[in-house]
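1. Turn this into a model:
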Amino acid sequence: MENALILVVEDNTSNVKFIELFLETAGYRVCAVEDAEAAQKAIATTRPDLILMDIQLPGMDGLTLTSLLKKEPATSDIPVVALTAYAMKGDKEKALEAGCDSYMSKPINRPRLLEVMDQLLTAAKTHSVEPVPSPASRTGNQEN
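-> So this is what the prediction gives:
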């Protein structure tokens with residue numbers, strides 16, 4: 001889904017630069033913000049096609065923001081991919097319960113991220129966003 005607008009909610013400047021470069025090279029438009037409050041403002045002014053949401057953010061965490069977005073009719077259909085550097089047992093389940101459509105641990109597996117994003121963007125276009133199956137269910141690892 002080239003040219004889709006991706007909102008990156010990430011407080012680590014190095015991660016933002018890496019993700020922006022990677023996504024722009026893949027043909028996506030990128031808007032990056034450093035916290036949940038800035039994300040809420042960005043979403044209100046420019047509706048993204050997909051959100052890459054860091055779980056650990058200053059102030060409101062990414063799962064709380066996702067939960068709020070999924071409760072609002074105007075934003076409930078925006079696919080959200082949870083990203084975390086501190087993957088702990090149960091985090092994936094917490095992310096999915098909060099409304100995230102997929103979950104990936106850092107460092108990001110770039111080909112897998114593009115695959116997940118493409119699946120979610122395609123499903124969102126047909127208004128049938130379903131959680132993307134975890135590779136863990138297929139391969140035994142904990143990423144997604």
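2. residue ranges of the helices in the protein, please?
-> Assigned by DSSP state H, the chain shows helices spanning 13-25, 36-45, 62-71, 91-98, 110-125, 135-139.
3. what is the mean pLDDT for the last one?
-> I take that to be helix 135-139. Taken as a whole, helix 135-139 has an average pLDDT of 43.
4. Now distance to residue 56 and mean neighbour count too, for the helices of the chain, in TSV please.
-> Heads up, the C-betas are built off the backbone N, CA and C, glycines and all. Supplementary listing: the helices of the chain in TSV, determined by distance: least, C-beta to C-beta, whole Å; neighbours: other C-beta atoms under 10 Å:
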stretch	distance to residue 56	mean neighbour count
helix 13-25	11	15
helix 36-45	11	17
helix 62-71	7	20
helix 91-98	10	18
helix 110-125	18	17
helix 135-139	21	12
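5. By mean pLDDT, show me the worst of these.
-> In terms of mean pLDDT, the lowest-scoring of the helices of the chain is helix 135-139 (a mean of 43).
6. residues making contact with stretch 42-53?
-> The contact list for stretch 42-53 (C-beta atoms under 8 Å, 6 or more residues apart in numbering) reads 1, 4-10, 19, 31, 33, 39, 62, 65-66, 69, 75, 78-83, 100, 117, 120-121, 124.
7. show me what contacts the spatially closest residue to residue 76 that is not a sequence neighbour?
-> The spatial neighbour of residue 76 that comes closest, neighbours along the chain excluded (C-beta to C-beta, 6 or more residues apart in numbering), is residue 70 at 5.1 Å. By C-beta under 8 Å, 6+ apart, the contact list for residue 70 reads 76, 80, 98, 99.
8. Residue 62 too?
-> Residues 9, 36, 53, 54, 55, 56, 82, 83 are the ones in contact with residue 62 under the rule C-beta under 8 Å, 6+ apart.
9. can you check residue 19 too?
-> 8, 10, 30, 32, 52, 108.
10. Let me have those in CSV, extended by distance to residue 90.
-> Converted to CSV, these look like this (distance: C-beta to C-beta, whole Å):
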residue, distance to residue 90
8, 25
10, 22
30, 30
32, 28
52, 21
108, 21
